[in-house]
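Asker: starting from these lines, generate the structure:
(chains A, B and C)
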Amino acid sequence: MATIDVARRRAPASLLAASLAVTARRLGEVWAEIRRSPTALVGLGILIFFVAIALFAPLLAHYPPLARVSESCNPICPGSPPSSQFPLGTSSRNADIYSEVIWGTQISLFVGILSAIVASVVGTTVGLISGFAGGWIDEVVMRFNDIVLSIPWLVLMIIVAALIGTIDVAGLILVIGLTGWSLTARVIRAQVLSVKERMFVERARMIGSSNLHLLWRHIFPNAFPLIFANTILTVAVSILSESVLAFLGLSTPDHVSWGKIISEAYENHAILNGNALWIVVPGLCIVVLVFGFYLFGYALDEILNPRLRRR
Amino acid sequence: MSLPLLEVRDLVVEFATRRGTVHAVGGASFELEEGESLGLAGESGCGKTTTALSLMRLLPQNGRIVSGSIRFQGRDLATAAEASLRRVRWRQISIVFQGAMNSLNPVHRIGKQIMEPILQHEHVEPKEARARATELLELVGLPARRIDEFPHEFSGGMRQRVMIAMALACRPKLVIADEPVTALDVMIQAQILDLLERLQRELGLSMIFISHDLSVLAETCDHVAIMYAGKMMELGRTVDVFTDPKHPYTQGLVGAFPDVRGPRVMPASIPGLVPSLISPPSGCVFHPRCKFAFDRCARAEPALSEISGDRRTACFLYPEVTEVPQRPLEATTP
Amino acid sequence: MPGDPTLSLFPRDPKYEGLAQYNRALFGLDKSPWEQFVIYLQRTVTLDWGTSYRLGEPVINVLAGDLAWTLLLVGTSTIFTILIGMLVGSYAAWRRGKPFDITSTGIGIFLYGMPIFWLGLMLQATLGNPRFHPFSWWPVYPTNLYYDDTLGPWRWDGAHIWSTLVHLILPAMTLALGSLAGVSLVMRSSLIDTMTEDFVVTARAKGLSERQVLLRHIFPNGLPPMVSLIALDLAFIIGGAYQVEVVFGYRGIGYRTIQAIDDLDYPLLQFIIVIGGVAIVLANLVSDFILLRLDPRIKIA
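Answerer: Predicted coordinates:
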C-alpha cells in the first residue's frame, strides 16, 4: 500500500504533463478535422468575422454608443434614411444606426458567451453531480430539471428576471444563464451515466481511486468534448434569447443591443418611414451570427462525438 | 461437373470514408456446391462480413463492389439490376445476422416479421403465411404460441432462433450465417449449432458460416476459407486445413488454439497488429507479421492458387503459387 | 424590468412584499404566509383567480378569452409545423446527401436560428405591405387584432370567421416557419439514426424495396424519439407564440403577458405562469400517451 501512495504522490506532476500532451495531440487532431469540414470552416469564419467586429468596435463605429448625432432634433425625431454620412441612417433618438449595430455586436457576443458559460458550468455541475451520485439526489434533481424545462422559457426568464431585480448586463447574463442550464445538465448526466457503466471505472475504483480522482481523470475527460460542443450551441440560443428579451423591452436600458435596435425600429415604423435597413440589418446580424454558431457547433459535435462519426 | 451453386471470382469491395478508401475485400474467390457448407474464418475486420453482405449487395451507402463476379446459379449478382436482385434476396439467399439484438425490428411482432418475406415473395394468403410461420417456430424449437410477442420479450438465444426461423421462411437455397453464435453463452451456442446442423441436413441447405471462432467452424463446415486483411489466405476442406495448415497465417491461427489433450502451455500468438485497410502493406498483406517472409513477399502479391487436389493457398512458400498481376495504380509506388 | 424583486418562483410559494398598503389589504396580503397559501389553493381550485391589477377585471375572464385566441394560433401553426416538418425531414433523410437534403437542412438551420419576432417583422413588411405584395388582403399591421374591429364584437358568423382566418394567416405562418425548422431537423436526424440500425439491413435483405423499408421499418422506429422531443420543444413554441403575438398585435396570452409585465400586474402574471406550466405538463402527458401506443417496449412505470 505504501508504495502505491508514494507513487501517487509523486505522479501528479508528470500526470499533468502527460495529460496535457495527450490533450494537445487531440486538439491537433480535432483541428485537422475542422479544417477538413466545410461546415465547420464556414461557421468558424462567421464567428471570427463577428468577434473581430466586436473587438474592433471602437475603431469601426463612427460614434460612441448611445451618442446622439446632433442635438437639433430631440426625442421624437423620426429618423432619417441612409446617407453617405450615416450608412444606415439615424434612429429616432438621432443616433447613428450603423454605430449602434457595431456596438451591439459587443453586447450580443458578450452576453451570449458569458451566459452560455454560466449555463454550461451550472448544467455541467448539476449533470455531473446528479449522474455521479445517483440515487435519490439524482431523482430530485431530475424532477427539478423537468419542471424547469416544462415552464415556457420566456416565462421562466421573466420570473428569474423579477427575482434578480435589476437588469444590468450581469443580471441579464445570469437570467439567460440560469434558464439555459437544464438541457446541458440532462445531456451531461446521460454521458456520466454511460461512462459510469463502463468497466474501466469499476477497475479504477477497485484499485482504490478516490471518487474525486475518478471524476477528474475518467469521467470529465470523456464528457468534456461534449460539454464544449454543447456550449457553443448554447451560445447561439443565448444570443437569441437576449435579442428576444431586448425586443420585448426586458433588457438593459443602458446598453445597445441588436434586439433593442429592432424594437426601436419597430416602434417607429421604420419600414413605413423608408428606412428598411434599420430593421433588416440588426436582424440579419443576429441570424447570421447564430447561424455561424450553429454550423460550427454542429460540425464540432460531429467531430467530437465518435458515435456520430461512423455515419 | 455440375455448376456450383455459388461461384465468387476476384471480388473487390471498397468503402469510401473520411479518412480515405478502405480496401475491405481485395480479391476473394471461392465456390460453394449445393448442400455443402463453407466457413469463412478470420479476425475481426478481415472482410468476412463484408464479403457476405456483398453477396446480396447489402453494403452501406459508402460501400461498393469495385470488380469481380458473384455467380449464383449461373447469374452474376454483382451486376444484376436492383429489381431482380430483390427477387433473389431471401427467396434464394437469406442471412442470419450476428447479435440478433438489433437485427429484429423492435416494434413489430415476431410473427409478423417472419411472415413478411413470405408475403413479399409468394402469393399466399396471410392465413397460410401465418401457419407457415408457426411451423417455422416449431422447427427451431420455439413455442408457437409466442408468435405474437415482441423481440424484446425473448432472450438472446431465442431471438437467434427467431432469426433462423425467419431466414428459412422462403425455403432458400443458401443461408449465410454471420457469427450466429458469437454473442451467446457456450451452452446456448452448442444448441444453436446443433440446430443449424440439423436444419442443414434435413432441408438440404447450402450454408456459408462466418466466424472468428475456428472451433465452431471445425464442427460445422465441410470447407473453410481463411481471410486476412481482406484477402483470402487459404481455402480447402476443413479437416485438411486444420490438421495440416499450409499458410503461415493459418498455422498461426490454428496454433493459437489450445489443445485440450496437449501439454498445458500458453499458446503462441501471432506477433504484430492487423494492418490498416486504408494503406495496406505492399506485396503479400501478411508479410510484416510472417516469420517465413522473404523479399519476394514484399514485392509481389501471391494469388490464391491450387497446390493440391482440394487445397488453395496464397503464399510464395509454395512454388505453384503465382503472382497477382499488379494493377497500374499500384505499379507507380516505389 | 424595474420593479419588485420578489415574485413567486413556483406558484406553490406565494410571498408578496413591497406593495402599497391598500393593495395588501385588498389582496389579502396582510395575512400570514400560511393563510395566504391556503387561500391561494382554495382560490385556484375554485377558479377564483383574483382580479387583475390593471384591468380591474377578474383574472379568469381576461385569461380565458386570451387563452382561446392563443390556442387558435398555436394550434393551427403547430398542425402545419408538424405536418410539413415531418414531410420535409423524412424526405431529406431518405434522400440523404442529395441536393434536397443539403438545401433543406441548410435552410432549416438558418431558420432555426432566426429570432421569431424578426421573422414576423420581415413577413409583415413584405407580405403585409400593400406596396410589395400583390395580394393586398393580408392585413397585418398591429392595430388589427384577430378580426376586423369594424365588424363589431365577436359573433359566430361568416364575416367574423373569415376575418379571423385571414388575420390568422401571417402570425400562424410566422410561428409555423419558425418551429418547422426544428421539427424537420429532428425528424431527419432521428430517421438517419434509425437507418443505420441492424434491422434495416435485415429488412433490405428480405428483398423489400427501399420504400417499403422506409415506411414499414424506419418510420415506426424513428418516430418515437421525435414525439418526445416535440413535446419538449413546446416550451420554445410558446416562447415563439409570445413574440408573434406582440409583433402582430394579436391579443392572446403572450400579448397580455408582456403588457402585464409592463404594468407589474402580478395576479395576472402568476396565473399565466401556472397556465404555461399546466400546458406543458398536459402536452407531455399527451406525448407520453402517444409514445405508449407507438413503441411496444415502453411500459407504464
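Asker: distance of residue B:58 from chain C?
Answerer: 6 Å (C-beta to the nearest C-beta, to the nearest Å). In this view, the C-beta of every residue, glycine as well, is placed from N, C-alpha and C.
Asker: residue A:247 too?
Answerer: Relative to chain C, and taking C-beta to the nearest C-beta, residue A:247 is found at 5 Å.
Asker: number of nearby residues for that residue?
Answerer: Neighbours of residue A:247 under the rule other C-beta atoms under 10 Å in any protein chain shown: 27.
Asker: for it, list the residues it contacts.
Answerer: A:259, A:260, A:262, A:263, A:266, C:115, C:117, C:243, C:246 (C-beta atoms under 8 Å, 6 or more residues apart in numbering or on different chains).
Asker: switch the cut-off to 6 Å
Answerer: A:259, A:262, A:263, C:117 (C-beta atoms under 6 Å, 6 or more residues apart in numbering or on different chains).
Asker: ranking these by neighbours, who comes first?
Answerer: residue A:259 (30 neighbours).
Asker: where's that residue, which helix or strand?
Answerer: Using DSSP states H and E, residue A:259 maps to helix A:258-267.
Asker: what's that helix packed up against?
Answerer: helix A:97-133, helix A:220-247, helix A:276-304 (3 or more C-beta pairs under 6 Å, 6 or more residues apart in numbering or on different chains; DSSP states H and E).
Asker: so which of those is nearest residue C:214?
Answerer: Closest approach to residue C:214 among those is made by helix A:276-304 (23.7 Å; C-beta to C-beta).
Asker: right, is the closest one up against chain B?
Answerer: No. Helix A:276-304 stays clear of chain B (C-beta under 6 Å from any C-beta of the partner chain), getting no nearer than 9.9 Å.
Asker: tell me the residues of the stretch 51-200 of chain B that contact chain C?
Answerer: So far as C-beta under 6 Å from any C-beta goes, the stretch 51-200 of chain B lies against chain C at B:56, B:58, B:86, B:89-90, B:95, B:102-107, B:117, B:120, B:150, B:152.
Asker: drop anything exposed from these.
Answerer: Neighbour counting by 16 or more other C-beta atoms under 10 Å in any protein chain shown classes B:56, B:58, B:86, B:89-90, B:95, B:102-107, B:117, B:120, B:150 among these as buried.
Asker: reformat the helices and strands packed on helix A:258-267 as CSV; add mean pLDDT and distance to residue C:161.
Answerer: Shown next, in CSV, are those (pLDDT from 0 to 100; distance: least, C-beta to C-beta, whole Å):
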stretch, mean pLDDT, distance to residue C:161
helix A:97-133, 81, 42
helix A:220-247, 79, 32
helix A:276-304, 81, 32
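Asker: in CSV: those, plus distance to residue C:214.
Answerer: What follows is the helices and strands packed on helix A:258-267, written out as CSV (distance: least, C-beta to C-beta, whole Å):
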stretch, distance to residue C:214
helix A:97-133, 36
helix A:220-247, 29
helix A:276-304, 24
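Asker: quick one: pLDDT of the residue in the stretch 51-200 of chain C that chain A sits nearest to?
Answerer: Across the stretch 51-200 of chain C, no residue is closer to chain A than residue C:113, which sits at 3.4 Å (C-beta to the nearest C-beta). For residue C:113, the pLDDT comes out at 80.
Asker: okay, now the unreliable bits of the stretch 101-250 of chain C?
Answerer: By pLDDT under 70, the weakly predicted segments of the stretch 101-250 of chain C are C:127-160, C:232.
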